[in-house]
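Student: Build me a structure from this.
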Amino acid sequence: MKLYIKYMVSIRCKMVVKETFKKLGLHYVTVNLGEVDVIEEITAQQRERLKDALLKSGLELLDDKKSILIERIKNVIVQMVHYEDELPKTKFSIYLSRQLKYDYTYLANIFSENQGITLEHFIILHKIEKVKELIVYDELNLTAIAWKLHYSSVSHLSTQFKKITGLTPTYFKSLKRKKLSLLENL
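Tutor: Take a look at the predicted model:
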């Protein structure tokens, strides 16, 4: 049996879910972003207790198919952008279709209907968050970041970064340095 959980987007969330299952005496096979493979059938009472326990941690047990699909879309994107060492070589549309086994147009339509933004914009937002993270870690230069995240050029990355954040990547990086130097003066 597979359960789907909303807002489960990090390794820490996975740990919270595992601990919640343990406390409730429920058994799982695997815990992935947004989903849990459960060994046994869960009774209505166990489901309610699980739902309440997850809510206390800021997570939500999903029931309807549309919400589950939207959460699965989000989790594939989060996994792809934030946790994979390398983005897929294929187009995101093809990658999502293959991962979720749905036509991309259907996924894009259902996503934008329910989320109020396009799937492409959601992916861009996550890519920019990843760019910020990589800038803060200061291990890669902008050329390497652009290549890693499949931007056609540093210029394309910079334009998209400024459009989303209002800052250039270079200025963003200088803000980080200023904060660090201010901390050193304390």
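
Student: what's the following helix or strand after the helix or strand hosting Glu120?
Tutor: Here Glu120 sits within helix 119-137, counting by DSSP states H and E. For helix 119-137, the following helix or strand on the C-terminal side (DSSP H and E) is helix 142-148.

Student: Could I get the pLDDT score of Glu184?
Tutor: The per-residue pLDDT reported for Glu184 equals 46.

Student: Quick check: chain neighbours aside, which residue is closest to the residue nearest the centre of the chain?
Tutor: Note on the chain: the residue nearest the mean C-alpha position is Val78, at 2.4 Å, using Cα atoms, centre = their mean. Distances taken as Cβ to Cβ, 6 or more residues apart in numbering place Val9 nearest to Val78, at 5.1 Å, with adjacent residues excluded. Just so you know, the C-beta spots here come from the backbone N, C-alpha and C atoms, and that holds for glycine as well.

Student: residues in contact with the one you found?
Tutor: Residues near Val9 by Cβ atoms under 8 Å, 6 or more residues apart in numbering: 33-34, 74-75, 78.

Student: go again using 10 Å as the cut-off
Tutor: By Cβ atoms under 10 Å, 6 or more residues apart in numbering, Val9 lies in contact with 33-34, 59, 71, 74-75, 77-79, 82-83.

Student: Ser93 now?
Tutor: 103-105, 107-108, 119-120, 123 are the contacts of Ser93 under Cβ under 10 Å, 6+ apart.

Student: could you dump those to JSON lines with neighbour count, pLDDT and distance to Ala44?
Tutor: Compiled in JSON lines, those are given as follows (neighbours: other Cβ atoms under 10 Å; pLDDT from 0 to 100; distance: Cβ to Cβ, whole Å):
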{"residue": "Asp103", "neighbour count": "12", "pLDDT": "96", "distance to Ala44": "34"}
{"residue": "Tyr104", "neighbour count": "17", "pLDDT": "96", "distance to Ala44": "36"}
{"residue": "Thr105", "neighbour count": "10", "pLDDT": "96", "distance to Ala44": "37"}
{"residue": "Leu107", "neighbour count": "21", "pLDDT": "96", "distance to Ala44": "31"}
{"residue": "Ala108", "neighbour count": "18", "pLDDT": "96", "distance to Ala44": "35"}
{"residue": "Leu119", "neighbour count": "21", "pLDDT": "95", "distance to Ala44": "35"}
{"residue": "Glu120", "neighbour count": "13", "pLDDT": "94", "distance to Ala44": "40"}
{"residue": "Ile123", "neighbour count": "16", "pLDDT": "93", "distance to Ala44": "37"}
